[in-house]
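> pasting the sequence and the predicted coordinates here, then a few questions.
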Amino acid sequence: LASIQEMRSVATDLNAIIDGVRNRTSSVDAVSDEDEQMVIYMNEWLSTISKRFMYDPGLPARTWSKNILWESAMEDGADNVFPFIWYGLQFECEPNMLRQAFNATQN
């Protein structure tokens, strides 16, 4: 729960920074060097963040799918957050599988 609260706080701060840069860069003709560098930094950061949520073995039903934070719809359902855990609950519902899913998500 503390991790989720911390992530929410960081996401709120990040959103404020992005809004500030967007407002400044859309309302003036000349973009400051600082704002230009911030945009470059944010683009680089956003392009690499998903790599932190990769699980090499992949999801049980989709071993090619490595992202354990979000996943497009499995079967005919909606997109999932924490798809490894979702898969474990929806299809397997077996204690060892659920433990493996939670452990992979925590690392």
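In hand now; what should we look at?
> got any ranges where this protein has weak pLDDT?
Within the chain, the segments meeting pLDDT under 70 span 1, 27-29, 70-81, 92, 107.
> now Gln64: phi and psi?
Wrong residue type there; residue 64 is Trp, not Gln. phi -80, psi -20 (degrees, to the nearest 10).
> all strands of the protein, in order?
Along the chain, counting by DSSP state E, strands occupy 70-71, 80-81.
> biggest helix in this structure, by residue count?
helix 2-27 (DSSP state H).
> next one: it to chain centre, how far?
15 Å (CA atoms, centre = their mean, to the nearest Å).
> touching, Ser32 and Arg24? I think so.
Yes: between Ser32 and Arg24 there is a contact under CB atoms under 8 Å: 7.3 Å. (C-beta placed from N, C-alpha, C; glycine too.)
> near Trp45, how many other residues are there?
10 (other CB atoms under 10 Å).
> state the distance from it to Thr63.
Noted for Trp45: a distance of 28 Å to Thr63, by CB to CB, to the nearest Å.
> next one: Val21
Where Thr63 is concerned, Val21 sits at a distance of 39 Å (CB to CB).
> same thing with Trp86?
16 Å.
> what's the answer for Ser26, then?
Counting by CB to CB - Ser26 and Thr63 are separated by 43 Å.
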